[in-house]
Every structure is written in structure tokens, then in C-alpha cells.
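> quick one, what's the 3D model for this:
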Amino acid sequence: MDMPEYTPEDTPVPEGEIVVERGATPQDLGPKLNRTPADVVRFLMAEGEMVTATQSLSDEMIEMFALDVGADVRLADPGEEEEVELQKRLGVEELEDDEDDEGGEDRPPVITVMGHVDHGKTKLLDQIRNANVVAGEAGGITQHIGAYQVEKDGRLITFIDTPGHEAFTAMRARGAEATDVVILVVAADDGVMPQTLEALDHAKAAEVPIVVAINKIDREGADPQKVMSQLAERDLVPEAWGGDTIMVEVSALENLGIDDLLEQLLVVADVEELTANPEGRAMGVVLESHLDVGRGPVATLLVQRGTLKVGDPLIAGAAWGRVRALVDDHGENVKEAGPSTPVEVLGLSDVAGAGDDFVVAPDQKTARSVADQREHYQRVASISGTAAVSGGGMKLEDIFAQIQTGEAATLNLIVKADVNGSLEAVTESLKKLERDEVKLAFARRGVGGVTNDDIQLAVATNATIIGFNVRPDRKARELAQQEGVEIRTYEIIYKLIEDIESAMVGMLTPEFEEVVTGEAEVREIFRVPRIGAIAGCYVTNGVITRGSKVRFLREGTIIWKGAIQSLKRFKDDAREVAAGYECGIGLSDFQDLKEGDVIETYDEREIPRT
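Next comes the predicted model:
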């Protein structure tokens, strides 16, 4: 039997900063510090940490060993050092140098609108855009970021919309990084609220000018002076009081003060002297991304320099492709998009990460090669991050029992969402719930419906699956039931956070389980005068009943909820239709039917607590 090799204690460590990747094993760490893997294992075991030479180490373990041997260690994410080389291959530094040298031309200001939920942020944008997009979001929150341009006095202004609830911290922070000016919306009757302060912190951290829109001045009880006083206490002193913060009184509902607000934004833009070079390869940031049925991966990009053109080889994070189409904020196809222009891009290989930088690559081969390497690094990071996720078959109800024994509990989660921005926001919100008694570990975070692969990973890691605006398909549900995997789906983020937080303190309220009663596949669409679209369906599972609650699914993503208005077998009305039969289904107020869509009926039943 070979004896472990140990290094003499007086062996020096390399001088200077030593870069160590997070999740490194003793086999990785030892040689970097002129030590053997056995040295690392022995030290950690003496500290009460039972590890093997091939086990991924936590940041704390790496730092403890480095401190013990006197090494200056900097922790880096997997692929971080390699990313510097990838940036060189893409010529990013050269493009940035060109931008600095040439100065560029005037460009439209990019505006981010922030504020507390229900303070009228979306209605304000609605008035600015002259488009009624306020209604229709679950929970009254704009849950997906949009970007669009408006014209004022012959000049363009670009707006980025960010969600209004504090749960979407990550998305708001990302918007601030891409912006030139922040509009802080504060209701004249409510005054400064928690999300107001949070948005203010983001704007200050980004070091961008802030213009305050004091909204709802038409309401009884409106007190703009009180709002100004509250903001002045936080170093936003109005110009009228001798400060340098522009504050505009508006009513989004009555369309008052909107023109003045836009004029003030242009004044601030002039002071900031915003420029960008419109020539050469484009660079910018991904604002949002999702998988669209029929169009594939779709990314909303904000061009920050250069001009993006149809046919360009593009790379955004680990996604790459040739730009197949560019769609502007009016839904029109365009051939190119210059600085400060938001545009939807089709043609990427995968769903890009919201907040990722994008750049037009020198050629398609380089784009693909760099994307493949980034995907590899991300996969390594994911494996390192989930290496500590271990068994136990834990579900939400089990958390409190484990806490009561005095044992620190870990809740393993797989989080799936409809779009990348929502995924990031949900994940960041969940991270905030961690406490000493219970930790969260993410076995997977991804975009799209809950799949069999998610169930299998949940079995392997003893994870609970959380779905936000997505559903499992029938096969995934059956496998989950067979394997005892818990799937919880939500459409409103407040409820998601409340459930997880309640579970973590052992205060779960009575739970209502959604029981799927029937499924039907849309096979043909009929247009009936004065009635609208009728879905010709084949019932694949269970029983479809007239009047049932219904979800409309497209590739696992919920696109509509309502009730069955009419149900027919041939020309006759039917109360219910069982699996194996065809039927015609009319939905109450949904007409966007497509072949291959799935209609799912369900009941809500209370689950008794034990």
C-alpha cells in the first residue's frame, strides 16, 4: 500500500497572487501551492472537514488552507481566466480601444424606469409609448423586460422597462448597468417606499443621473412637497430647493407632465454628452431572452456600439449564431440597428443569458468555438456548484423537522422558468431567504418546461422542482409521481417566495394541489363566424369536462388560463369527452390556437396536513 506523500513544512509557496478556481479539488489546489493533495486532505481533516483528494472544496476550505501555508490566493469562477483569452480571440479589447480613440457620434439616451410596485411605472411608460400594455400580467407586475424607443422633438429616446417588485432585484440591477439616466417614479400620495429606496441604491451604485417623476398628482391626498422632502433626506435635493436633482410632477393616468418629463431627459442627455461609434462590429448587452415556439431562441439586445446587421456572426455568452432576422420595438423587420437601439435577434443557437454581453465575432467559426468553450466552463461551474448536493429525500414539509433536531438543513432546488430574466430574478430572491438553520442549493436553473431530465436530476440530488410560469408535461408528471419528486408551479412570484420562506420556518399553510383531470392535443383549427376559433382536439388523457378550469400549454409553457366555454362531439354539445375520442373545444377568450398545442384541464384540491 502506497503511503501518502507530505511536503516539508518549510517548503515555500509561489510568490505573488495565485489564481485558484472555485470548486477546486485537493488534486488541483495542492500543486498550485507547492503542496501535495495529501497535504490538503490532512489539513482539512484536522479542521474537521472529511474530504477526499477528488472532492470539490468550498471557498472557505480553499482559503483556510491558503492561509495556513501563507499563500496569496484569489478565487476565480471556472473559466474566468480562460475568458480573458476568449475576449482576445473576439477582438473585444480592440473594439473598446477604437471606441475610446474615435469618440463616436451622438446617440440616443438609454433610460431605465424604476420605482415601487403600484406607483404607476408601467402606466407612465404606457403613456410615453401610446400603447396599452398595462393589463394582463399576473399579480399586476410587468414580469418580462421590454425595450423600446420614442421620439421627442426629432430625437430618439430609448427606454428599458424593469419589473416593479423588489423580488426582481437582479433584473433591475442589470437595467441600471445598461442605462444612461434613471427615472425614479414615486407616487405623490404614497411617498417613498421600500422598493423606491432599493431602486435608488441601484441608480446610485451605477453612478448615473436620476430624474424623479412624482406621479399620481391628480389623486386626492397627493403631496409632492412631502415626496421632495423624503428624497432630500436621501441626498436627492430638488433643483427648486437649490439642489441638482430634476423632479417633474406628472399624472400618467391623466397624461399630465409627460412632455415636460421627456424634455428634461433630453436636457440631461445633452449634459452627459452621450456618444458611440456606429462603425464596425457591434457590441452590447442582452436584456432578455426566451425560447419562442416557431422562431426558436429569441434575444432582446441593446446595441451599445457599432451597428448590428442581418447576417452578422454573433456570440452572446454561450449562445452563438448568424443573425437571421432583426425585429424592432414595433415588430417590424429591420436590416440593421445602431447604438442605443433595442432589437430582437433571431438565429442564436440557444437561449442567451439575460445580462450577458454580446459581440459580433470576426467570423462564424470563431463565434462557435468561443461559445463551445464558454459552455464547457459553465458546465464545469455547474458541476462544482452541485457537487455538495447530497441525498435525503427532503421536501418542503421536511425542512422544519430537520431544523428542530438542531441539524442544519439544506433544501435542494431545481428552478425552471419561462424566460431567462424571470429565472435570474427568482433565483436571486430565493438566495435571500437563506438562514443559519437552512441553506439552499440549486441543482439546476434553466429556461423551459419541466422535463423528464429534470425529474431524473431531482431523484439524483433529492431536489424539489420549482416552476415559474412553466408546467411539466404528462410524461414528466407521471415520472415525478413514480419517483416521488415534488413539483411546485407558480405564476405569481410573491406566492413562490412565501411558500419557500414558510417551509424554511416550518409554517406551511394548507396546500392546494392542482390535479390534472384531462389533456387534449390540438390537431386542427376551425374558424366559426360570430364564435371565433374552435380547437379540433384529440383527448389523450383523462376526461375533458365542459366548464373545467383550463391551461393552454405551448411546449410546456403556460400561455393562457381560463375555462372551457363549449365542448362538442361532432355537432352535438357534450358534458364531457373521455380519452381516445375527438372533440371540439371553444375557449372563453383565447383565439391564438396552433396545431400541436396542449389543452390541460385541472381541479384544485386541498391537501390535508399531517
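> contacts and neighbour counts: CA atoms only from here.
OK.
> got the phi/psi numbers for the residue nearest the centre of the chain?
Of all residues in the chain, the one closest to the mean position by Cα atoms, centre = their mean is residue 421, 2.1 Å from it. With angles defined as degrees, to the nearest 10, residue 421 sits at phi -60, psi -40.
> surely it and residue 300 touch.
No: Residue 421 lies out of contact with residue 300 (Cα atoms under 8 Å); the separation is 11.0 Å.
> common neighbours of those two, please.
288, 289 (Cα atoms under 8 Å, 6 or more residues apart in numbering).
> quick check: bridge partners of residue 326?
Applying DSSP bridges to residue 326 gives these bridge partners: residue 334, residue 345.
> do residue 566 as well
Bridge pairing for residue 566 - DSSP bridges - gives residue 586.
> need the pLDDT of it.
Residue 566 carries a pLDDT value of 89.
> what about it, neighbour count?
By the criterion of other Cα atoms under 10 Å, residue 566 has 17 neighbours.
> the longest strand in this structure is where?
strand 511-528 (DSSP state E).
> listing partners with orientation, what would you give for it?
According to DSSP bridges, strand 511-528 forms sheet pairs with strand 532-545 (antiparallel), strand 598-607 (antiparallel).
> ok, residues contacting the first one?
Read that as strand 532-545. 517-528, 564, 567, 575-587, 591, 593, 601.
> mind doing that once more with 6 Å?
517-527, 575-586, 591 (Cα atoms under 6 Å, 6 or more residues apart in numbering).
> which residues in the stretch 1-150 of the chain form helices?
26-32, 37-46, 59-69, 80-90, 92-102, 121-129 (DSSP state H, counting those that start in this stretch).
> between these, which one is nearest to residue 314?
helix 80-90 (10.4 Å; Cα to Cα).
> now render the strands paired with strand 511-528 as CSV, adding mean pLDDT, distance to residue 206 and mean neighbour count.
Shown next, in CSV, are these (pLDDT from 0 to 100; distance: least, Cα to Cα, whole Å; neighbours: other Cα atoms under 10 Å):
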stretch, mean pLDDT, distance to residue 206, mean neighbour count
strand 532-545, 92, 49, 21
strand 598-607, 85, 44, 18
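> of those strands, give the one that comes closest to residue 235.
Across the strands paired with strand 511-528, closest to residue 235 is strand 598-607 (Cα to Cα), at 50.1 Å.
> with just CA atoms, put the closest one into PDB.
Only the C-alpha atoms of strand 598-607 are listed here, as PDB (Å, rounded to 0.1, in the frame of the first residue of the first chain):
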ATOM      1  CA  VAL A 598     -52.000  21.100 -25.400                       C
ATOM      2  CA  ILE A 599     -55.200  21.900 -23.500                       C
ATOM      3  CA  GLU A 600     -55.000  20.800 -19.900                       C
ATOM      4  CA  THR A 601     -57.900  20.800 -17.500                       C
ATOM      5  CA  TYR A 602     -57.500  20.600 -13.700                       C
ATOM      6  CA  ASP A 603     -59.100  20.800 -10.300                       C
ATOM      7  CA  GLU A 604     -57.700  22.400  -7.100                       C
ATOM      8  CA  ARG A 605     -57.900  20.100  -4.100                       C
ATOM      9  CA  GLU A 606     -56.700  20.900  -0.600                       C
ATOM     10  CA  ILE A 607     -54.100  18.500   0.700                       C
END
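> any idea which helix or strand of the chain has the worst average confidence?
helix 169-177 (a mean of 47; mean pLDDT, DSSP states H and E).
> could the strands paired with strand 511-528 be laid out in CSV, adding distance to residue 153?
Output for those, formatted as CSV (distance: least, Cα to Cα, whole Å):
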stretch, distance to residue 153
strand 532-545, 43
strand 598-607, 48
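> for those strands, which one sits closest to residue 111?
strand 598-607 (39.3 Å).
> so which residues make contact with the closest one?
For strand 598-607, contacts defined as Cα under 6 Å, 6+ apart pick out 511-521, 549-553.
> for these, work out which two are farthest apart.
Longest span within those, Cα to Cα: 511 and 521, 29.3 Å.
> which of these two has more neighbours?
residue 521 (20 against 13).
> element containing the closest residue to residue 316 other than its chain neighbours?
Among residues not flanking residue 316 along the chain, residue 358 sits closest, at 4.2 Å (Cα to Cα, 6 or more residues apart in numbering). Following DSSP states H and E, one finds residue 358 within strand 357-360.
> neighbour-wise, which of the contacts of strand 598-607 leads?
Neighbour max across these (other Cα under 10 Å) = residue 520, 30 neighbours.
> who does that residue form a beta bridge with?
residue 539, residue 599.
> ditto for residue 292
residue 296.
> what about the helices of the stretch 1-150 of the chain, which gets the closest to residue 182?
helix 121-129 (12.1 Å).
> quick check: buried residues in that closest one?
Of the residues in helix 121-129, those buried under the neighbour-count criterion (16 or more other Cα atoms under 10 Å) are 121, 122, 123, 124, 125, 126, 127, 128.
> okay, the third one: pLDDT?
What the model reports for residue 123 is a pLDDT of 83.
> thinking again about what came up before, give me every residue that touches the residue nearest to the centre of the chain.
288, 354 are the contacts of residue 421 under Cα under 6 Å, 6+ apart.
> about what we covered before: quick one: least confident of the contacts of strand 598-607?
Ranked by pLDDT, these bottom out at residue 511, which has 63.
> is it true that residue 556 touches residue 474?
No: here residue 556 does not reach residue 474: they are 9.7 Å apart, not a contact under Cα atoms under 6 Å.
> neighbour count: these two, which is higher?
A direct count of neighbours by other Cα under 10 Å for residue 556 and residue 474 places residue 556 higher, at 20 against 17.
> what about that one, distance to residue 450?
7 Å (Cα to Cα, to the nearest Å).
> now for these two: what residues contact both?
Shared contacts of residue 556 and residue 450 (Cα under 6 Å, 6+ apart): residue 471.
> residue ranges in the stretch 351-500 of the chain under the pLDDT threshold?
The model of the stretch 351-500 of the chain has pLDDT under 70 over residues 378-409, 436-437.
> in it, which spans are helices?
364-386, 398-404, 420-431, 452-461, 474-483, 493-504.
> then the stretch 151-300 of the chain?
169-177, 194-206, 224-232, 258-272.
> which one of those lies nearest to residue 52?
Of all those, helix 169-177 comes closest under Cα to Cα, at 36.0 Å.
> around the nearest residue to residue 285 once chain neighbours are set aside, how many other residues sit close by?
Excluding the flanking residues, the one nearest residue 285 by Cα to Cα, 6+ apart is residue 357, at 4.4 Å. Counted with other Cα under 10 Å, residues neighbouring residue 357 total 17.
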